[in-house]
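1. Sharing a model prediction with you, sequence too.
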Amino acid sequence: MEVSVGRDSATDAAVPERSRKRIDVRIIAVSTVGNALEWFDFTVFTFFAANIARQFFPSDNPTAALLAAWTTFGVGFLTRPLGGIVLGAYADKHGRKAALLVTISVMALGVAFIAFAPTYAQIGMAAPMLMLVGRFLQGFSAGGEVGSATAFLVEHAPVERRGVYGSFQMIAQACSMLLGAIVSVGITQALTPEQIDAFGWRIPFVIGLLIVPVGLYVRSRLDESPVFKDAHHKQTEKRSPFLESITVHWRQVVAGFGLTVYGTIGTYIFYYYMPSYATKSLGIPFKSSVIASLCAAVAYIVGTFASGRISDVIGRKKPMTASAMISLIIAYPLFLAVSHVPTLPMLIFVQCCLMLSLGLFQGSYCAFVCELFPSRVRATSMAIGYNFAVMIFGGFAGAIATLLIGWTGDKLAVVYYGLFGAAVGLVTILLLKDRSRQPLL
């Protein structure tokens, strides 16, 4: 059963262009605010992982403490699939709006646990447990956020602009990366290392909480997705979105999983792990690595937006295929170059090239995956493939990279993980059909 997408042509003609632009901005803001909060918190956690390790995981071995902090970061991803299944099904049954209000509320609670948790010196083993609770809540809400918010965003888009609309979900992530890096730089410049350990690392999480009231307000006032309303009205058979996803649409779920493998490994290795890698393995000062991350986030935004626009003209597969192929070609030489010339300019060049290439994939990703599924299971099906891939390959990427380097003694061991992700993404996209010109089901 096919339904009209977003607004039909008659509706579009009746709405003045200026009014349409206002609607576009509102829908984009509502859809991306939760994702932005999630990735802002993830970004600052990675930048201050060493400080968190000292406060919550004291150890005579700094590497062991850092590994414990990265593992705690990864543990939050274990609840993502559960959140995707529970909240995705809720979104497919009761609407995207209802689910989005739940996800941002639970996410705020998780952030608050992390921001205000007492340290190990204050309450002992209860401190890392509170940190774990916060990460679990964050993971559960984030798992439900991605399917519901992306479905809501793409379902509002006119057929000829679904790529651009979808790209803003990833652009929101990139902007959060950028903002997180800026805040981290500001804190490292304004405070001493002792002050950062004492309280400075908490400041970004408190800042993140400030977006919650705004997010709740704008989401409470949004209109439901027109595609969902149309499909929900016509649907007569009530089936479990989860069961239908894994029994009827399992091939598309596997496809979404494969596409996410590249995106998540690329994001965590080429961006999130790089500050730690540059500092510990290459001897580049931490402040310099943060500056490189700022530049890389800008390159990612450019590549992502360009991909969204291009995909609406020539289809999704071409920019996504090009991205995976480029990463396979340039990743090893770039890591090799920065290992031989460990300077700030070289690190900026390497990260910008890698993130620009990744952006070409991610900018088309959201629309492409949404186009794989019908509306009645879209949020659930997308969330299953996405969250299992992120849990397995993304959440523990930092820990895996640290272990790879430790086991092999090779500073370049981490790049093989990135190449694996690009290869999986390339094979997956080549096997799929491009539905960019077809109506949403």
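-> Arrived safely. Numbering: from 1, shown residues only.
2. can you pull the buried residues of the host helix or strand of residue 369?
-> If you go by DSSP states H and E, residue 369 is part of helix 344-370. Within helix 344-370, the residues scored as buried using 16 or more other CB atoms under 10 Å are 344, 346-370. No exception for glycine: its C-beta is placed from N, CA and C like everyone else's.
3. mind showing which ranges of the protein have poor pLDDT?
-> 1-23, 59-67, 70-71, 73-74, 232-238 (pLDDT under 70).
4. hang on, the earlier thing: which secondary structure elements does the helix holding residue 369 sit against?
-> Applying 3 or more CB pairs under 8 Å, 6 or more residues apart in numbering; DSSP states H and E, one finds that helix 344-370 contacts helix 126-155, helix 162-190, helix 250-267, helix 274-280, helix 286-314, helix 317-340, helix 378-389.
5. quick one: the first one to helix 344-370, angle?
-> This means helix 126-155. Angle between the axes of helix 126-155 and helix 344-370 is 60 degrees (criterion: axes from the mean of the first three to the mean of the last three CA atoms, to 10 degrees).
6. in helix 126-155, what's buried?
-> Buried residues in helix 126-155, counted by 16+ other CB under 10 Å: 127-128, 130-155.
7. export stretch 159-174 as CSV, just CAs?
-> Taking C-alpha atoms only, stretch 159-174 is exported to CSV below (Å, rounded to 0.1, in the frame of the first residue of the first chain):
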residue,chain,number,x,y,z
VAL,A,159,9.6,13.5,-2.4
GLU,A,160,12.2,15.7,-4.2
ARG,A,161,13.8,16.9,-0.9
ARG,A,162,13.9,13.8,1.3
GLY,A,163,17.7,13.6,1.0
VAL,A,164,18.1,17.2,2.2
TYR,A,165,15.7,16.7,5.1
GLY,A,166,17.3,13.5,6.1
SER,A,167,20.8,15.0,6.0
PHE,A,168,19.9,17.4,8.8
GLN,A,169,19.7,14.4,11.2
MET,A,170,23.4,13.8,10.6
ILE,A,171,24.1,17.6,10.4
ALA,A,172,22.6,17.9,13.9
GLN,A,173,25.1,15.3,15.0
ALA,A,174,28.0,17.1,13.4
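8. Output the contacting helices and strands for the host helix or strand of residue 25.
-> Secondary structure from DSSP H and E places residue 25 in helix 17-47. Where contact means 3+ CB pairs under 8 Å, 6+ apart, helix 17-47 is packed against helix 62-75, helix 96-116, helix 126-155, helix 162-190, helix 203-209, helix 211-220, helix 274-280.
9. now what about the last one, what contacts it?
-> Same thing as helix 274-280. 46-47, 49-50, 66, 284-286, 288-290, 292-293, 296, 338, 342, 347, 351, 398, 401-402, 414 (CB atoms under 8 Å, 6 or more residues apart in numbering).
10. What subset of those is buried?
-> Among the contacts of helix 274-280, those classed as buried by 16+ other CB under 10 Å are 46-47, 49-50, 66, 284, 286, 288-290, 292-293, 296, 338, 342, 347, 351, 398, 401-402, 414.
11. for stretch 120-132, how far is the first residue from the last?
-> The first and final residues of stretch 120-132 sit 13 Å from each other (CA to CA, to the nearest Å).
12. Let me see the residues that make contact with it.
-> With CB under 8 Å, 6+ apart, stretch 120-132 has contacts from 52, 55-58, 68, 72, 75, 113-114, 117-119.
13. 10 Å instead?
-> Residues outside stretch 120-132 that contact it (CB atoms under 10 Å, 6 or more residues apart in numbering) are 52, 54-58, 68-69, 71-73, 75-76, 113-114, 116-119.
14. Check stretch 246-257 too.
-> 85, 147, 239-241, 244-245, 365, 368-374, 377-378, 380-390, 392-393, 424, 428-429, 431-433.
15. residues of it that come out buried?
-> 246, 249, 252-253, 255-257.
16. Redo those residues as JSON lines? Include distance to residue 420.
-> Putting the buried residues of stretch 246-257 into JSON lines (distance: CB to CB, whole Å) gives the following:
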{"residue": "246", "distance to residue 420": "25"}
{"residue": "249", "distance to residue 420": "26"}
{"residue": "252", "distance to residue 420": "23"}
{"residue": "253", "distance to residue 420": "21"}
{"residue": "255", "distance to residue 420": "18"}
{"residue": "256", "distance to residue 420": "18"}
{"residue": "257", "distance to residue 420": "14"}
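17. nearest to residue 33, of the residues you listed?
-> Proximity of the buried residues of stretch 246-257 to residue 33 (CB to CB) peaks at residue 256, which lies at 23.2 Å.
18. For the closest one, which non-adjacent residue is spatially closest?
-> Counting by CB to CB, 6 or more residues apart in numbering, residue 256 lies nearest to residue 385, which is 3.0 Å off, once chain neighbours are set aside.
19. for the one you found, what are its contacts?
-> 81, 84, 147, 245, 249-250, 252-261, 369, 372-373.
20. so who does residue 298 touch?
-> Applying CB under 10 Å, 6+ apart to residue 298 gives the contacts 174-175, 177-178, 352, 355-356.
21. Of the contacts of stretch 246-257, grab the buried ones for PyMOL.
-> If you want just the buried ones from the contacts of stretch 246-257 in PyMOL, going by 16+ other CB under 10 Å, the selection is:
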select buried, resi 85+147+241+244+245+365+368+369+370+371+372+373+374+377+378+380+381+382+383+384+385+386+387+388+389+390+392+393+424+428+429+432
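22. Just send the helices and strands packed on helix 17-47 back as TSV, with distance to residue 410 too.
-> Listed next are the helices and strands packed on helix 17-47 as TSV, based on distance: least, CB to CB, whole Å:
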stretch	distance to residue 410
helix 62-75	16
helix 96-116	34
helix 126-155	30
helix 162-190	27
helix 203-209	33
helix 211-220	41
helix 274-280	12
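23. and of those, who's closest to residue 439?
-> It's helix 162-190; of the helices and strands packed on helix 17-47, that one is closest to residue 439 (CB to CB) at 10.3 Å.
24. by contact count, what packs against the closest one?
-> Packing partners of helix 162-190 (3 or more CB pairs under 10 Å, 6 or more residues apart in numbering; DSSP states H and E): helix 17-47, helix 126-155, helix 193-198, helix 203-209, helix 250-267, helix 286-314, helix 344-370.
25. And the last one, how far out from the chain middle?
-> Taking the mean of its C-alpha atoms, helix 344-370 sits 13 Å from the chain's own mean (CA atoms, centre = their mean, to the nearest Å).
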